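Asks: Attaching a predicted model along with its sequence, questions to come.
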Amino acid sequence: MNLQDQVNKTSGFTNLELLAKQVVEGFISGMHKSPFHGFSAEFAEHKVYNNGESTKHIDWKLFAKTDKLYTKRYEEETNLRCHIILDNSASMHYPKVKTQTLDSLNKIGFSVLASACLMTIFKKQRDAVGLSIYSNTYEYYAPEKGSDRHQAMLLDQLEKTVITNPQEEDTETYKYLHQIAENIHRRSMIFLFTDMFQSNEDEEKLFDALRHLKHNKHEVILFHTYDSEKEFNFNFDNRPKRYVDVETGEHINLYAENVKSTYEEAVRKYFYDLKLKCSQYRIKYVEANINESFHKILTTYLIERQKFV
């Protein structure tokens, strides 16, 4: 028995599908008190009526119930294609948690649950969904489909992903994004969950790969997944510690307060530059802090979907 593997082992989610449904139900009920009231439980079949549009397809029965004007959408209008890409490299399994719960998630746990929540809303919208997972290999690919059986298969794969123990080595994200781009032929919304950890020399290659993902008029949404407490604010006590690169195994011994201000300044600059670069490439950049709720993730999808259709 490898003792270190046992120490690092995560038990995963008790019931990923149920937890995702609970998060989405809370999100939808909250929308009734928010600017997104138009996205109700009926949003799969209707869209808000805009002045100047034809009144031919207004749903008057729904108007009688809600006092708001909605137009009916036809089946072919609502069926979008969505593809989720998960970075499953070693750094995404930080910080170590024994059990993935809503109040205790690491980066891969947050990304997996966010993906399951998105899939729950895709199902309500009748949108087809595909999935790609990579680490130091292209681990998994499933094309976009909309059946219940297909979604159950993807949820099962997501649950397995949480409890994997990736090897400690550099992840060449750009290489796998190129391969994934070749697999997605029809116009799709693409959601990428990654912590964006790669060597400096790979940065241009990474954005070339992201640009490749945008071909065929795909819409690319980058969820930059990070732990604000440890990776952004560097909130460690000032006892001497060994800090280990979870991807390469390299380490350094230091006191946190000796590098805290320099580190945080460098990270803020990195986030700013990343956001700017995404804007230049017309990639939707969204900070996905694992210490926050999933509302930003789900709201981003709903807003971007309205633009996409």
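Replies: Here it is on my side, so go on.
Asks: Near the residue lying closest to N79 once chain neighbours are set aside, how many other residues are there?
Replies: Nearest residue to N79, sequence neighbours excluded (CB to CB, 6 or more residues apart in numbering): R126, at 5.6 Å. For every residue, glycine as well, the C-beta is placed using N, CA and C. Look at R126: counted by other CB atoms under 10 Å, it has 14 neighbours.
Asks: Check F234 too.
Replies: Neighbour count of F234, defined by other CB under 10 Å: 17.
Asks: now do the one 10 residues further on
Replies: Counted by other CB under 10 Å, the residues lying close to V244 total 12.
Asks: again with I58
Replies: I58, neighbours per other CB under 10 Å, totals 16.
Asks: And the one 5 residues further on, by the same measure?
Replies: Counted with other CB under 10 Å, the burial measure for F63 works out to 13 neighbours.
Asks: if I look at it, how far off is N235?
Replies: Computed as CB to CB, to the nearest Å, the F63 to N235 distance reads 51 Å.
Asks: just the strands in the stretch 1-150 of the chain please.
Replies: 46-48, 70-72, 81-87, 128-134, 138-145 (DSSP state E, counting those that start in this stretch).
Asks: Now the third one: buried residues?
Replies: Going by neighbour count (16 or more other CB atoms under 10 Å), the buried part of strand 81-87 is 81-87.
Asks: Serialize those to JSON lines and add fields for pLDDT and distance to I297.
Replies: Below are the buried residues of strand 81-87 laid out as JSON lines (pLDDT from 0 to 100; distance: CB to CB, whole Å):
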{"residue": "R81", "pLDDT": "94", "distance to I297": "19"}
{"residue": "C82", "pLDDT": "96", "distance to I297": "13"}
{"residue": "H83", "pLDDT": "97", "distance to I297": "15"}
{"residue": "I84", "pLDDT": "98", "distance to I297": "11"}
{"residue": "I85", "pLDDT": "98", "distance to I297": "14"}
{"residue": "L86", "pLDDT": "97", "distance to I297": "13"}
{"residue": "D87", "pLDDT": "95", "distance to I297": "15"}
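Asks: From these, pick the one nearest Y255.
Replies: D87 (30.8 Å; CB to CB).
Asks: what's the closest non-adjacent residue to the closest one?
Replies: T194 is the one closest to D87 (CB to CB, 6+ apart), at 3.7 Å.
Asks: need the contact list for that neighbour.
Replies: Going by CB atoms under 8 Å, 6 or more residues apart in numbering, T194 touches 85, 87, 92, 173, 222-225.
Asks: what's the answer for E169, then?
Replies: Contacts of E169 by CB under 8 Å, 6+ apart are 90, 136, 247-248.
Asks: what's the most distant pair in those residues?
Replies: Pairwise distances among those were taken by CB to CB; the largest, 11.6 Å, belongs to N136 and T248.
Asks: Which helix or strand in this protein has the lowest average pLDDT?
Replies: None of the helices or strands of the chain scores lower by mean pLDDT, DSSP states H and E than helix 3-8, at a mean of 37.
Asks: D245 and H251 touch, don't they?
Replies: Yes: the criterion here is CB atoms under 8 Å, and D245 meets it with H251 at 7.0 Å.
Asks: neighbour-wise, which of those two wins?
Replies: For D245 versus H251, neighbours defined as other CB under 10 Å are more numerous around D245 (14 against 10).
Asks: per the record, what domains does this protein have?
Replies: 3-33+79-308, 38-78 (automatic domain parsing).
Asks: Now R211. Nearest residue, chain neighbours left out?
Replies: Y281 (5.7 Å).
Asks: from the domains of the chain, which stretch is densest packed?
Replies: The highest mean neighbour count among the domains of the chain, using mean count of other CB atoms under 10 Å, belongs to domain 3-33+79-308: a mean of 17.
Asks: what about the helix or strand hosting E287, distance to the chain center?
Replies: Here E287, judged by DSSP states H and E, is contained in strand 284-289. The chain centre lies 9 Å from the centre of strand 284-289; the measure is CA atoms, centre = their mean, to the nearest Å.
Asks: Quick check: bridge partners of the spatially most central residue of the chain?
Replies: Centrality entry for the chain: nearest residue to the mean C-alpha point is F193, 4.0 Å, by CA atoms, centre = their mean. F193 has these beta-bridge partners by DSSP bridges: L86, F223.
Asks: That one and K269: what is the separation?
Replies: 23 Å.
Asks: now what about the longest helix anywhere in the chain, what contacts it?
Replies: The longest helix of the chain (DSSP state H) is helix 256-280. With contacts defined as CB under 8 Å, 6+ apart, helix 256-280 is touched by 196, 207, 210, 222, 224, 231-234, 236-238, 241, 284-285, 287.
Asks: In this structure, mark out all the helices, start to finish.
Replies: Under the criterion DSSP H, the chain contains helices at 3-8, 16-31, 60-66, 75-78, 107-125, 148-162, 173-183, 203-213, 256-280, 295-308.
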